[in-house]
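Trainee: I'd like to go over a predicted model; first the sequence, then the structure.
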Amino acid sequence: MADASSNHVPVLFSFSVFSRPSSVPLGSGYEVLVQKFLSIYGSQIDVHRKFLIQVLSEEWGQYVDLPKGFAIAEKCKLRLVPLQSDIPTLGNLSPATTIFFCCDMQERFRPAIKYFGDIISVGQRLLQGARILGIPVIVSEQYPKGLGSTVQEMDLTGAKMVFPKTKFSMVLPEVEAVLAETPGARSIVLFGVETHVCIQQTALDLIGKGFEVHIVADATSSRSMMDRMFALERLARTGIIITTSESVLLQLVADKEHPKFKEIQNIIKASAPESGLLSKV
């Protein structure tokens with residue numbers, strides 16, 4: 001029964017011999033259930049496996065390891081079942097289910113990061129597109145006291161969150177709180193520096209939490225092109241989508257008749273810089 005005060009539904013999540021009570025918002029669908037399940041058991045299972053929902057069967061057996069004082073009023077009607085076969089990641093994007101992550105595009109990195117001017121230019125296009133389409137943007141700054149703020153060329157107006165960090169991954173508790181406040185979020189578009197450090201660790205943390213990750217290759221770089229190349233190859237093998245800024249923006253509008261198409265078209269009218277990044281993807 002739903003709790004009228006919190007508008008949440010109690011749920012019992014079970015895996016192997018462990019069962020844990022939790023809750024999800026009333027009306028939650030499959031993706032919310034999977035993400036909640038992975039948040040509880042993600043360290044114990046292969047988080048890259050896909051799941052389907054199975055309707056109640058008498059063959060499920062009995063619950064074990066129930067939390068103290070937790071009673072079962074009726075058998076669960078649904079369960080999540082991991083699929084053995086891999087399902088290709090389709091990578092569909094829509095504004096309603098997408099969040100942009102801009103990682104550490106800071107002033108002190110300017111002389112060290114290869115083709116930094118190019119990725120700033122492309123990153124700014126992505127920020128413009130996010131504002132036009134109403135997509136939340138989360139921006140990190142690595143130790144800004146020593147490395148400076150985000151470069152002035154990138155307009156952070158309207159960003160949902162700009163936060164300092166010392167951890168390489170952007171997936172910190174405050175970011176997880178923002179993601180939790182956006183239950184429909186499914187896809188993360190990630191760009192910035194460095195590809196083999198903060199981008200890679202952020203991407204792996206995100207897929208570990210059930211998100212689909214798109215890394216924008218023409219807005220992502222490192223000090224070393226070898227580090228960048230092998231990081232992108234490794235991430236692609238995990239099912240992360242390596243894409244480009246124009247592909248992302250046009251996929252988000254999807255139709256020439258989209259009310260914001262003209263504005264997005266103006267952003268990409270001039271092609272993104274064909275820098276030395278091209279031959280190092």
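Mentor: Everything's here; your move.
Trainee: quick check: next helix or strand after the longest strand along the chain?
Mentor: Longest among the strand segments of the chain by residue count, using DSSP state E, is strand 212-221. Of the helices and strands lying after strand 212-221 in sequence (DSSP states H and E), the nearest is helix 225-237.
Trainee: check contacts around Ala236.
Mentor: Ala236 makes contacts with Ile242, as judged by CB atoms under 8 Å, 6 or more residues apart in numbering. The C-beta positions use only the backbone N, C-alpha and C, and glycine is treated the same way.
Trainee: now do the longest strand of the chain: distance to the chain's middle.
Mentor: Computed by CA atoms, centre = their mean, to the nearest Å, the chain-centroid distance of strand 212-221 equals 11 Å.
Trainee: low-confidence ranges in this structure?
Mentor: Applying pLDDT under 70 to the chain flags the ranges 1-6, 15-18, 30, 42-89, 274, 279-281.
Trainee: so Glu153 touches Leu127, yeah?
Mentor: No: assessed by CB atoms under 8 Å, Glu153 is found out of contact with Leu127, at 10.1 Å.
Trainee: between those two, point out the one with more neighbours.
Mentor: Per other CB atoms under 10 Å, whichever of Glu153 and Leu127 has more neighbours is Leu127, with 24 against 11.
Trainee: so how far is Leu235 from that one?
Mentor: Look at Leu127 and Leu235: by CB to CB, to the nearest Å, they are 22 Å apart.
Trainee: tell me the domain boundaries of the protein?
Mentor: Using automatic domain parsing, the domain ranges for the chain come out as 8-82, 95-280.
Trainee: which one of these is the most hemmed in?
Mentor: Among these, domain 95-280 has the highest mean neighbour count (mean count of other CB atoms under 10 Å), at a mean of 18.
Trainee: helices of the stretch 101-250 of the chain, start to end?
Mentor: 116-133, 144-147, 173-180, 200-208, 225-237, 245-253 (DSSP state H, counting those that start in this stretch).
Trainee: my read: Gly146 touches Arg108, true?
Mentor: Yes: contact criterion CB under 8 Å: Gly146 and Arg108 qualify, at 7.4 Å.
Trainee: grab the nearest non-local neighbour of Leu39.
Mentor: Not quite, residue 39 is Ser, not Leu. Closest residue to Ser39 apart from its sequence neighbours, by CB to CB, 6 or more residues apart in numbering: Lys209 at 6.7 Å.
Trainee: ugh, wrong one, Tyr115
Mentor: Using CB to CB, 6+ apart, the closest residue to Tyr115 is Ser275 (4.4 Å).
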